[in-house]
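K.L.:
pasting the structure only:
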């Protein structure tokens, strides 16, 4: 009798991997990170492996490092694994060759994901694993959550038996993140499949001084080749070993697999061959067609390497006339994708002239939906004899016309399946509730349940759609629900923003979370949705879940309330069984969170049932609310044609011709995405305002701004626009305004928190006060539009190194989708205010590359002249090198421009040439003049008939300096990219490195980095980080000629500004480490800046600047900018969950680590204080020839 | 002749009347042991607060849920799922168990809250952890002017009823002096199930920071003058209740202890004096009491207790007089009071 659990593919694989490993080396990468997180958490909690010990889990600095550690651990005799995906797998490749070459029975588990090409994608396809197919690893592919669990065991069993290492992979997201009910393997299953003798043999082969051997030789032309062929018998034996393992496994579990599994008509003529989760969709299509008497079938590839020709031949019906091989990858320029080539070659070799016609095609790149209708499209093309090799399915290719068509009518679910979709916000708990629902039904009943979750790319105000299925049998549907019997709309505002009801089946139940009663709701529903409700005869219910959740003390989490209503309405379980189940599940789920949480949730359940109301649907449309247009009318063509479609969730419909061919996109597009996600926004009271400029400085979204202008410009201002005379003497006669962008503000409240101006009458009233957006929206919208049209202050008039001066400069980084209160974005925005019109950014993969460059829009913007930051992201690990390359290119072209200009001096106005070459370009005024000179030069060059002039025209812009900034997080700078950062800093080149230090891998969900401080709890450091944070600044300072600063905007805006300006001006390499508060710190993000202040006050984050140039003037290049610590570390730490959590887990350990952390601080302070008194005379850039 | 300092409080046999009130000193096993060595007869552990339990629980819930399901690359949120979360509430339960193991004197756990809710489960947990009794610290600031005194009182009574029904160990209620009719309230609390009363609670009071204009609530150590308030009410209540009465607030010297016992206290709870003078001060208190009793040939605390209570004095009005006036001299004999 099996035990069932509802888990996702990652957990399914990790459970087995953890139980079968001595050592696990990990590194975060989406979508494989959860496997490492679970392994770390399980070992931290003492969960043991098959041999009774908790596996040793170690996080490495990169996947390359993890692979090296895996290799070493295997060589020293441990059973070892790792988890990875995409670029991570690519970084492991050199070691994979080694591990396989040494016939070492490793297993690595891969959540297969797209490799970045024209763009990064976190989603699933086989481009990563296909890049590893030549390593000598066996490759075993799981197509479902159950298989991910089963094959994790098969892989290890067969690896030990064959000595060939295994790469076990399954589709990223579709399988790794799908929650499904699976039969769990127990310890006896594992023990039965893992041969103790083979484990002993593996250990016996380990390096040991008691029986020393040499492994890893260098070989020469005489023997390398033969030695490489010596392993052949092992590969030859592997397929049989795997099949044998499958068979033994089937004897125990009754789940039977073959190397190539065939399903369909025994006399099929048309067969699809594919592997991975897409087989779920193809199988559904085959079933439907076979039932109709069609001769079609599907071959599912399980063991892709070694590729067993005989087994493929045996699996394919002899009646087969046409084979369509579907590859989930693309190899541009190849005669076909890899699986196609393997199948075609195999069939040609085994069947010769009798071989069926084989066609290769691509599907599903980057988790593109692959549905039964698409598989049917392939069968149709075969049946109609119009299938051509090199086809695609699932997109519309209007450029090379390779795509097949398919029936796009939304597909009904089989009658025994109950499908539901839920629309929620990332922050409202909808996904958690949906997962819980799947768990409740999967684990408390005989029913099977499946959940899959779709997200947009925003970190604040993200929309999530949960796709759930319930059925009396296992669910293999590996595609989204297109016709749901239940639609939950957890945010009423969505009805105005998107087509929530598109997926509703006729007669479906619609549950709305709304503030309206059943009697009053109808006219509040947009008329488009009313039409759908009437046409589809939907049953509509409403509940004020937000109110009920808040009354029950559950804050904004409406999950329990909405989940209860689903059970009450959907009747997936009979009568009150659903409600009983949810009560039971609530008790169970929240038991570990304590009785208070249980009681509040139970209270919410009862209140939800009482408050749920049926809406009597009128027969006619009422009211005049309409779904909002996605983008304003007057937007650039690309935004209207492409961006708007993506914003509307209709990106799937964009044809190939709509897309840039090389991944190049326009900037300044976030301004068109009016997300309007804030409930409350800051409203300015000019009477109290001191005009300090802090609010725009700290705003993470450039959604509150400062302008100074000629009062005459405000004469036509709309009603409600607020203005005051400028207080400073620097802009006599000018007026000023602080203005919120109501549709772009996320309501994070950081501006209000930092506002120092309090009313004399009531201290709670500041110059900025949060107020409900609905009450102010119209006035603030009109005011902001007017504000944007006010002229920008000329940059030459600004003191950019002052808070106010910098904030009068136009931000060219605006309205990002970063988390509300993000600590990183204010630095980037400031960078654009200081140098935005001459900025090139190399951005490491991470949060900043996602909020900076994830479609549909980008916050990187342009000024009125069309100038602004140019931005690119290469990879995670290479960003410093990437930026260094940019610097070299800029320098090379600058030199070319200068030389060319000098050569043409005789043909041009010599004074212009001399000015262009000799101007000191140190301030905004001189830059402006230089730009004018370049314009004059261009004019003049038109009259010069000389190839040199033509060449100069291509590079003349380089006569104005460019500011190259290399930007990334601590995961990059401290860990995976550290080698490159070090090399770039050592290069002596004028390159600026800005580390947005959140002290954790924020983007992938909070894994520890070498920047994570001692005593903090993070993923991969579930027991609290034992060792202290690496002092990156001191490492860089050791070079002597590198400008180094450590900054924290909330602690000292002034010092931040100074450091950024100095770093930019310093003619050599600069490193600026910026303390960046993050939701992964577990803090109230509205107090983001207060936490930064405390970090510095406690000495946890001292502020300093090391400027090699200062050595020339006073011999003391190191300046400690923050004062002696005045706050104990404990007082700082207890306000942050990352530290406070450990006290809840392990109080003794927490106390010990806190003591050590205080010692770290004391010691570092004493060291820095001494450094500040030290003389240094480094050789700096200007004196050496580069 | 040696005097017998033993007393009974909440049905617990105490070696003497000195109980260490909840304070930082009773928050650690080490200092608890030192208190016991110095002769303390029972200890009250620091309070577990309803507000704190609820806040911690909801915060830890929030942290675990933080960001989960919000972003595709961080679907499980931003913190590892910590399997055995020890909140300060659990740490507190652990302290009870540790104190029970380390001490032979009774250990009284303390809960602080005002509403019936999930947090009351901790009373049961305290009992399970080995607490010999529970002291309920109940006081809230009725800032809502529409709430009547009757409603406030009902809230207290209801809470005591619910709590008393959930535990089998003795329950004592640390009450506030701020009732219109404290004596009546005391009787109602006992009726509701309290086995004893502790008189009285002291509270944080707000202050204003003139630098930041922030309101900063804090608590200060008691002063000896404050002892008069419990003295009066214990003396008044003694004749009306058989339940235990403990005095707290302002007992700093052995003289204060003696007076409170004379007024009718079964035990005297000390915090400020111990914080000022250290755990060893308990010995000074007991020896002072013993000396005073020996000098006056009292045999036992039981004999002494309540001997100057309102019912036991010639002029009961002395306990009721609220304002200063010239002594009322009587020129004629007054009727004999039994």
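P.N.:
All right, it came through fine. Nothing here was measured: the structure is a model prediction, and the numbers come from that model.

K.L.:
Show the low-confidence segments of the chain, by residue range.
P.N.:
Picked chain A for this. A:1, A:575, A:1181-1186 (pLDDT under 70).

K.L.:
Switch to chain B, please.
P.N.:
B:1, B:82-88, B:323-338.

K.L.:
Enumerate the helices of the stretch 551-700 of chain A by residue range, in sequence order.
P.N.:
Per DSSP state H, counting those that start in this stretch, the stretch 551-700 of chain A has helices spanning A:559-570, A:577-591, A:595-611, A:637-638, A:644-647, A:694-698. These are given in chain order.

K.L.:
swap in chain B?
P.N.:
Listed in chain order, the helices of chain B (DSSP state H) span B:29-37, B:50-65, B:88-102, B:121-129, B:149-166, B:182-191, B:228-237, B:254-263, B:272-277, B:281-295, B:301-304.

K.L.:
From the rest of the structure, what touches the fourth one?
P.N.:
Contact with helix B:121-129 is made by A:595, B:48, B:53, B:89, B:93-94, B:96-97, B:100, B:109, B:111, B:134, B:163, B:166-169, as judged by CB atoms under 8 Å, 6 or more residues apart in numbering or on different chains. (Glycine included, C-beta is placed from N, CA and C.)

K.L.:
Chain neighbours aside, what residue packs nearest to the residue of the stretch 151-300 of chain B found nearest chain A?
P.N.:
Residue nearest to chain A within the stretch 151-300 of chain B: residue B:213 (4.8 Å; CB to the nearest CB). The spatially closest residue to residue B:213, leaving aside those adjacent along the chain, is residue A:763, at 4.8 Å (CB to CB, 6 or more residues apart in numbering or on different chains).

K.L.:
Next up, the contacts around the residue nearest to residue B:4 when sequence neighbours are not counted.
P.N.:
Counting by CB to CB, 6+ apart, residue B:4 lies nearest to residue B:300, which is 3.7 Å off, once chain neighbours are set aside. Neighbour list for residue B:300: B:3, B:4, B:5, B:6 [criterion: CB under 8 Å, 6+ apart].

K.L.:
Just to check, the last one is in contact with residue B:302?
P.N.:
Yes. Counting by CB atoms under 8 Å, residue B:302 is a contact partner of residue B:6 at 7.4 Å.

K.L.:
Between the helices of the stretch 551-700 of chain A, which one is closest to residue B:18.
P.N.:
helix A:595-611 (34.8 Å; CB to CB).

K.L.:
quick one, domains of chain A?
P.N.:
A:3-196+A:223-252, A:258-393, A:418-613, A:677-804, A:893-959, A:998-1183 (automatic domain parsing).

K.L.:
Just say which of those is most tucked in.
P.N.:
domain A:3-196+A:223-252 (a mean of 23; mean count of other CB atoms under 10 Å in any protein chain shown).

K.L.:
rewinding a little: sort out which one of the contacts of residue B:300 lies nearest residue B:319 for me.
P.N.:
residue B:5 (25.5 Å).

K.L.:
could you measure residue A:654 against residue A:744, distance?
P.N.:
25 Å (CB to CB, to the nearest Å).

K.L.:
out of the contacts of residue B:300, which is most surrounded?
P.N.:
Counting neighbours by other CB atoms under 10 Å in any protein chain shown, residue B:5 leads the contacts of residue B:300 with 21 neighbours.

K.L.:
In this structure it contacts residue B:287, no?
P.N.:
No. The criterion here is CB under 8 Å, and residue B:5 misses it with residue B:287 at 10.0 Å.

K.L.:
to the chain's geometric centre, what's the distance from stretch A:64-75?
P.N.:
Here the centre of mass of C-alpha atoms in stretch A:64-75, compared against the chain's by CA atoms, centre = their mean, to the nearest Å, lies 26 Å away.

K.L.:
before we move on, what about stretch A:21-28?
P.N.:
With CA atoms, centre = their mean, you get 22 Å for stretch A:21-28.

K.L.:
Just the buried subset of the contacts of helix B:121-129, written out for ChimeraX, thanks.
P.N.:
Buried residues among those (16 or more other CB atoms under 10 Å in any protein chain shown), as a ChimeraX selection:
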select /A:595 /B:48,53,89,93,96,109,111,134,163,167,169
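
K.L.:
Phi, psi for residue B:3 please.
P.N.:
When read as degrees, to the nearest 10, the backbone of residue B:3 gives phi -90, psi 150.

K.L.:
if I've got this straight, residue A:893 is in a helix?
P.N.:
Yes. Membership of residue A:893 in a helix is supported by DSSP: H, G, I helix; E, B strand; the rest coil.

K.L.:
what's it in contact with, if anything?
P.N.:
By CB under 8 Å, 6+ apart, the contact set of residue A:893 is A:955, A:958.

K.L.:
and it, how far is that from residue A:692?
P.N.:
41 Å.
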